[in-house]
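> Need the 3D shape of this:
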Amino acid sequence: MTLSAAPIVCIGGLNVDRKLRLLAQALAGSSNPCEAHETPGGVVRNVAENLARLGLPVALIAAVGDDAGGRMLMEQATRVGIATDAVLRLRRHVTDSYTAVLSPDGDLHLGLAAMPLVERLNPWALESSKDLRARAALIVADGNLPHDAWPLLLGEARASGIPLVGVAVSEAKMERLPEDLQGLHLLILNAGELSTVADEPDEALARLHRRGVGCVLVSHGEDGLLLSQPGREPRHWAAPEVDVVDVTGAGDALSAGVCAALLNDANDFDAAARLGLDLAALTLQTEDSVHPELTPDFLNR
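Sure thing, here's the model as predicted:
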C-alpha cells in the first residue's frame, strides 16, 4: 500500500495555543509582566501538522467554532497540508483554547485548558467519518476525547487491524481512558500520566498491559524514553542534549515522530523512538508548537 493511499487519521484536540512567558518568577495575587505568543494548537493537531510537514498524508477529525480562532485554525491546517473535511464546524461556538504560562526558563508553570468543543466528538459525531478511518493505515487519538469515544475507536481497531495509537494529554484526563483498552496498539504518555495508573511504575505498566495495551512508551523528558511490551524487558533510549527554548509542543513532536516511523513498520519501535526523540529535540529549540522549518528532508536525515 502506498503512502498516498494510506493516510494517517488524527482525532482529538484542535485549539488556539496562547503562550504567556513570564519575564521573572511569578508573584501570586499580582500582575506579572510577560511575553505573549499565539499559535495553532491541540495535541493531535500538533501531531498532524508535524506529520504533514514531514510530507506524510494526514487527515484531521476535530471540532472548531465559527469564530476568528476557528477560521485561523482551518486556514493554517489547509496551508500546511492537513485534510480537514472531517472537522466539525459548530455555529455560534467559541473555538477551544489552551493557555500555557511559562516560567522564564521556558518550563510550564501553569496550563489552562478551555476545551468544551472536543467533548462533541462522541460516537454519534464520529459516525460521519467512519469511512475515513476505515481507509487509514494508522489512527492517532489523543486523551482529550470524551470517554464514550474510546470504545468505538478500540472496537474499530480490533475489527480492522489498523494500528491505533493513543497519546495522553494530561494527568487529569487519564481517567477518560476506559478500563478495557483491547485494541490499543501503543499508548504514549509521560511519567506523571503513568503515575495515575499506579504509584509504582512497574505496576502501572503491568496494569496497562492487563487492560489490553499492546505497548507503552513513557517519556521521561531529558532522561529519554522507556518502552514496555508484555513479556519483554523494558527498553530505554537516551534523549539528545539541546538548548531548550520552549517545552510546549515537544511531547506532540515526539508522538508525531513515533507515528511517522510506525507508518512504515508498526512494530519497529527502535526506529520510532529514535525519530520521535530527534523531532522532539528539534521542537524544543523553537517558540512554536511545531517547528516552522520542518520539512520532509528531516526523515532523510
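
> any chance you could map the helices in the stretch 51-200 of the chain?
68-80, 123-126, 130-134, 149-160, 191-194 (DSSP state H, counting those that start in this stretch).

> Quick one: those helices as TSV, columns for mean neighbour count too.
(Glycine included, C-beta is placed from N, CA and C.) Putting the helices of the stretch 51-200 of the chain into TSV (neighbours: other CB atoms under 10 Å) gives the following:
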stretch	mean neighbour count
helix 68-80	17
helix 123-126	15
helix 130-134	15
helix 149-160	17
helix 191-194	18
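
> So which of the ones you listed is nearest Leu177?
helix 149-160 (6.4 Å; CB to CB).

> any low-confidence regions in this protein?
For the chain, applying pLDDT under 70 flags the ranges 1-6.

> Let me have the helices of the stretch 51-200 of the chain in TSV, extended by distance to Pro230.
Output for the helices of the stretch 51-200 of the chain, formatted as TSV (distance: least, CB to CB, whole Å):
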stretch	distance to Pro230
helix 68-80	37
helix 123-126	29
helix 130-134	26
helix 149-160	17
helix 191-194	16
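
> And these: which comes nearest Lys173?
helix 191-194 (8.6 Å).

> same for that closest one, what does it pack against?
helix 201-210, strand 215-219 (3 or more CB pairs under 8 Å, 6 or more residues apart in numbering; DSSP states H and E).

> which residues sit in contact with the residue lying closest to Ser128 once chain neighbours are set aside?
Spatial nearest neighbour of Ser128, excluding adjacent residues (CB to CB, 6 or more residues apart in numbering): Ala86 at 7.3 Å. If a contact means CB atoms under 8 Å, 6 or more residues apart in numbering, then Ala86 has 59-61, 128-129, 132 as its contacts.

> Out of the residues you listed, which is nearest to Ala281?
Leu60 (25.0 Å).

> Wait, the closest one touches Gly42, no?
No: contact criterion CB atoms under 8 Å: Leu60 and Gly42 do not qualify, at 9.2 Å.

> overlap in contacts of those two?
With CB under 8 Å, 6+ apart, Leu60 and Gly42 have common neighbours Leu14.

> count of residues packed around Leu22?
Using other CB atoms under 10 Å, Leu22 is surrounded by 18 other residues.

> now swap in Thr99 and tell me
For Thr99, using other CB under 10 Å, the count is 18.

> Contact partners for it?
17-20, 111-114.

> most neighbours, which of those residues?
Top of these by neighbour count (other CB under 10 Å): Lys19, with 24 neighbours.

> What values do phi and psi take at that one?
phi -110, psi 120 (degrees, to the nearest 10).

> Could you verify my assumption that it touches His37?
Yes: counting by CB under 8 Å, His37 is a contact partner of Lys19 at 4.4 Å.

> Now do the shared contacts for these two.
With CB under 8 Å, 6+ apart, Lys19 and His37 have common neighbours Glu287.

> most tightly surrounded among the helices and strands packed on helix 191-194?
strand 215-219 (a mean of 24; mean count of other CB atoms under 10 Å).

> Could you check the angle that one makes with helix 201-210?
Inter-element angle recorded for strand 215-219 and helix 201-210: 140 degrees (by axes from the mean of the first three to the mean of the last three CA atoms, to 10 degrees).

> Okay, now the sheet partners of the helix or strand following strand 215-219, with direction.
Using DSSP states H and E, the helix or strand that follows strand 215-219 in sequence is strand 225-228. Taking DSSP bridges as the criterion, strand 225-228 pairs within the sheet with strand 215-219 (antiparallel), strand 235-237 (antiparallel).

> Pull out the buried positions in the last one.
The one in question is strand 235-237. Trp237 (16 or more other CB atoms under 10 Å).

> How is Thr248 assigned, secondary-structure-wise?
Here Thr248 is coil, with the state taken from DSSP: H, G, I helix; E, B strand; the rest coil.

> coming back round to it: of the contacts of Ala86, closest to Ala261?
For the contacts of Ala86, the minimum distance to Ala261 (CB to CB) is 19.1 Å, reached by Ala59.

> The closest one: neighbouring residues, count only.
Neighbour tally, Ala59, other CB under 10 Å: 23.

> which residues sit in contact with it?
7-10, 82-86, 132, 136.

> Now with 7 Å, please.
Contacts for Ala59 (CB atoms under 7 Å, 6 or more residues apart in numbering) come out as 7, 9, 83, 86, 132.

> how close does the closest residue to Asp96 other than its chain neighbours sit to Gly106?
The shortest distance from Asp96 to any non-neighbouring residue, by CB to CB, 6+ apart, is to Asn15 (3.7 Å). Distance, Asn15 to Gly106, using CB to CB, to the nearest Å: 21 Å.
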